[in-house]
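J.: pasting the sequence and the predicted coordinates here, then a few questions.
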Amino acid sequence: MARGRLRVLLGAAPGVGKTFAMLEQGRDMARDGKDVVVAVVETHGRAATAALLEGLEVVPRAQVEHRGVRLSELDLDAVLARRPAVALVDELAHTNAPGSRHAKRWQDVTELLEAGIHVVTTVNVQHVESLNDVVHAITGAPQRETVPDAVLRAADDVELVDLAPQSLRDRLAEGNVYPAERVDAALSHYFRLGNLTALRELALLWLADEVDSALRTYRAEHAIESTWEARERVVVALTGGPEGETLLRRGARIAARSAGGELLAVHVSAQTGLRDTDPAALATQAALTETLGGTYHQVVGEDVPRTLVEFARSVDATQLVVGTSRRSRLAAALTGPGIGATVIRHAGPIDVHVVTHAAAGGRFALPRVGGALTWRRRLLGLGLALVLGPLLTWGLEATRTETSLVGDVLTYQLLVVVVALVGGFWPSLFTAVLSGLSLDYFFIEPVRTVSVAESRHAVALALYVANGVLVSAVVDLAARRSRTAQRARAESELMLTVAGGVLRGQDALATLIDRAREAFGLAGARLRAGDEVLAASGTVGAGATTVPVDEHAVLDLDPGTASDRHGAGLDGAGNRLLGVVVAQVGAALEHQRLSRTADAVEPLRETDRVRSALLSAVSHDLRRPLTAATTAVSSLRSRDVDWSPADREELLATADESLGTLTALVTDLLDVSRVQAGVLGVSCRPTDVDEVVLPALDELGLGPADVHLDLDPDLPAVQADPALLRRVLVNVLANAVRASPPGVPVSVRTSAFADRVELRVVDHGPGVPAERRQDLFVPFQRLGDTDNATGLGLGLALSRGFTEGMGGTLTPEDTPGGGLTMVVALPQAPCGEGSGA
């Protein structure tokens, strides 16, 4: 029996229209004459979705009783007995009721497929197993129902049901997704615009990767080795040379010419570790790659051109960018074609761009002569040759016979190998020549002369010397590779330690300086700016070497007893590593400077803004209640007018109201100054929200006709200052009541989400445009209110300051149907640092 086909409709979030699309596809297939049944569908009370069920056969659900509750589930046996051509199965990630045949609905679907039934199903991206933790980090909501990636990747078709985030929020606000009582909480929690945008991107990326994987599988199954240019992929070959940045920018421009183009940078490391690269330059180029939106890769291979081409083919590259050779014409003529020419020859259908640069065609220079061993080892090898050579000659001559020549040659050969192991190439070469002369003079006829009687002996002597030279070269090469590998391991350990120390939160500068001193074996290292010491490790003496970090700071390195290896005598590899350390020190130093500058400027900017607003308020807003009170009192004291008792009472009420307003304004001004200065006194303790809401209503004189309460009886206590929280609610409620139309009550709702408790004050007034919402929290902003009782516009500014002082947030949101919702969110945990508790 042929296995059924699986089609999955993937959505970024609930409400995008997956079930609607599934039912529409089912109706289309039914009109085409296919046998289609609805195995299970969840309409969630949506009339438009339920209407699509008309005309489709619906298999009755199985009733499962669990702990006295009857649950309806997909009747797997009924669908198998019915054996339709196509079954519509909603919510693939659903967990079946206990006692069902399978624990998960995707397992029911698998059985339907194995029975030869085609299945169309739906799933949201938050239920994909590999993305579960990512979705949790984005939304804060854990997902317990997941579908293994293997199930989705085995689907024959995966179709994305897409809807713009704002369009989904509009559908939600109109009541087309959830019931009205759930809309508010959904908009403020899971269905925030940022959450929906991130989930949509996650779904698109997952589907794009799945399409790419399917394309690779198809090509592999059909043995298609040629590159399919479904997406422009540009690979840039980096050597660690100065041309790297030029190549990267050229590659980025090529990738940007087509939509969805990818940039990949790759560096090929030699298996021997002997290739000359600059770690600092590679680190800089890797950072530039990420800045340009690409990815950096490092592969190992001895044949660089072939390795580059193999990497490009493995990632389905369409373009390969390499730099023109830095060798001179003479060097190219002597050593053959360069990497670029070889890459072009092997690239096949991949386009190769050979980019010229400033470092191309360098001048010819003779290679430096130098060995891998220290001078001490070389002197020891030379001394060994001078001591053992004569002793060996004396011994062999004393025991010489007519047939001992072969043994004499092998004995001298052994001496050459021993000296090579100890002293390397040059002492071994000296030993080979010296022993060859000794053999000729003492053991080859005619003896005691440097002439050779037989030509075969001359040939043997020449081969012996050549053999000694080759042995010396092999030993020296092995020593060179060993030292290079040890150096590379030490450099890797240094950079890993430095990066780990910084990532673990240690002081970046102190960590870098300390690790640099240890790595280079220095007596001391010190970072200073002029006479100010920024970081130091060990003791720095008068003979320290100064290395500039930037225009302000320098690094003092004291080699101490290690002057033969470090300080001014650093070798090439040491200088490259020192360059990496200096670059990181400069970056850490610049980060510290920028942080200090930002910290210093922000309070000044805020203070200046508040000072300007305060002067404006004092000159305008305080004048009105003060003028009203002064006028009322002056009128009462006037003897020119005979005031009636009613008039006198009205004047006294005006003075009393104005002075009360003036007292409240001055109190708010003092509180704002405390908030701005960071000296707000906060005393946090476990607090029940109910204990704060009711006194706030009493203070404002609000009753059931003015406010509708929807308080969660199981709400956990918040950690807050009850007095400050009460002032926050009074300010927010007063604004909401003032904005609501007559006869329309304000709603106060509480709920718990993740580790926070939210208190929502909902009005149905005109609302506030999104672009002006942050103005609500700016001191002395009133958005058009000008009556005498309005105040300075400090209420919401104070409320946000009080809320943040308690470790919470105060944010405005749209009210579904029109209006503004103010959300006070407070942690269940204790107040954070800086609360003043």
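T.: Arrived safely, thanks for sending.

J.: what residues of stretch 170-180 count as buried?
T.: By 16 or more other CB atoms under 10 Å, the buried positions in stretch 170-180 come out as R171, L172, A173, N176, V177, Y178. C-beta here means a position set from N, CA and C on the backbone, and glycine is covered the same way.

J.: what is the distance between that stretch and the centre of its chain?
T.: 34 Å (CA atoms, centre = their mean, to the nearest Å).

J.: what mean pLDDT does that stretch get?
T.: Average pLDDT, stretch 170-180: 75.

J.: among the buried residues of stretch 170-180, which ones are in helices?
T.: R171, L172, A173 (DSSP state H).

J.: contact partners for the first one?
T.: Right, the one you point to is R171. G15, L163, V177 (CB atoms under 8 Å, 6 or more residues apart in numbering).

J.: one more: A286?
T.: Here A286 is in contact with A265, Y296 (criterion: CB under 8 Å, 6+ apart).

J.: and F191, by the same measure?
T.: A13, L168, R169, L172.

J.: do you know how far it is from L163?
T.: Between F191 and L163 the distance is 12 Å, computed by CB to CB, to the nearest Å.

J.: who touches both of these two?
T.: With CB under 8 Å, 6+ apart, F191 and L163 have no common neighbours.

J.: make sure G323 is actually in contact with G241.
T.: Yes: at 7.3 Å, G323 counts as touching G241 under the criterion of CB atoms under 8 Å.

J.: more neighbours: which of those two?
T.: A count of neighbours by other CB atoms under 10 Å puts G323 above the other of G323 and G241, at 26 against 17.

J.: spatially nearest residue to that one (excluding sequence neighbours)?
T.: Nearest in space to G323, with sequence neighbours left out and distances taken as CB to CB, 6 or more residues apart in numbering, is E243 at 4.3 Å.

J.: how many other residues sit next to that neighbour?
T.: E243 is surrounded by 22 other residues when neighbours are defined as other CB under 10 Å.

J.: quickly name whichever of the ones in helices among the buried residues of stretch 170-180 is closest to R378.
T.: Distance to R378 across these (CB to CB) is lowest for L172, with 80.2 Å.

J.: tell me the spacing between that closest one and R192.
T.: 11 Å.

J.: ok, L636 next?
T.: L636 is 56 Å from R192, by CB to CB.

J.: picking up where we left off before, so what pLDDT did the residue nearest to G323 get?
T.: On pLDDT, E243 comes in at 83.

J.: what separation is there between it and A281?
T.: Taken as CB to CB, the span from E243 to A281 is 10 Å.

J.: for the host helix or strand of L10, packing partners?
T.: Using DSSP states H and E, L10 falls within strand 6-11. Packing partners of strand 6-11 (3 or more CB pairs under 8 Å, 6 or more residues apart in numbering; DSSP states H and E): helix 18-31, strand 118-124, strand 157-161, helix 193-221.

J.: so can I have a markdown table of the ones you listed showing distance to L76, mean neighbour count and mean pLDDT?
T.: Converted to a markdown table, these look like this (distance: least, CB to CB, whole Å; neighbours: other CB atoms under 10 Å; pLDDT from 0 to 100):
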| stretch | distance to L76 | mean neighbour count | mean pLDDT |
| --- | --- | --- | --- |
| helix 18-31 | 18 | 19 | 92 |
| strand 118-124 | 12 | 24 | 94 |
| strand 157-161 | 23 | 16 | 89 |
| helix 193-221 | 27 | 15 | 75 |
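
J.: save these as JSON lines, and put in distance to L52 too.
T.: Formatted as JSON lines, the helices and strands packed on strand 6-11 follow (distance: least, CB to CB, whole Å):
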{"stretch": "helix 18-31", "distance to L52": "4"}
{"stretch": "strand 118-124", "distance to L52": "13"}
{"stretch": "strand 157-161", "distance to L52": "14"}
{"stretch": "helix 193-221", "distance to L52": "23"}
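
J.: of the ones you listed, which is nearest P722?
T.: Nearest of those (CB to CB): helix 193-221, 32.1 Å.

J.: relative to the helix or strand following that closest one, what are the paired strands and their orientations?
T.: Downstream of helix 193-221, the next assigned helix or strand under DSSP H and E is strand 233-238. Using DSSP bridges, strand 233-238 pairs in its sheet with strand 262-269 (parallel), strand 319-323 (parallel).

J.: and the strands in the stretch 501-650 of the chain?
T.: 524-529, 532-538, 545-548, 554-558 (DSSP state E, counting those that start in this stretch).

J.: will you turn those strands into a markdown table that also has mean pLDDT, distance to R480 and mean neighbour count?
T.: Formatted as a markdown table, the strands of the stretch 501-650 of the chain follow (pLDDT from 0 to 100; distance: least, CB to CB, whole Å; neighbours: other CB atoms under 10 Å):
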| stretch | mean pLDDT | distance to R480 | mean neighbour count |
| --- | --- | --- | --- |
| strand 524-529 | 83 | 29 | 21 |
| strand 532-538 | 80 | 31 | 16 |
| strand 545-548 | 82 | 27 | 14 |
| strand 554-558 | 81 | 26 | 21 |
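
J.: of all these, which one is nearest R481?
T.: strand 554-558 (28.6 Å).

J.: still on that earlier bit, compare L636 and R192 (neighbour count), which wins?
T.: R192 (18 against 15).

J.: ok, of the buried residues of stretch 170-180, which one's closest to W426?
T.: For these, the closest approach to W426 (CB to CB) belongs to L172, at 81.8 Å.
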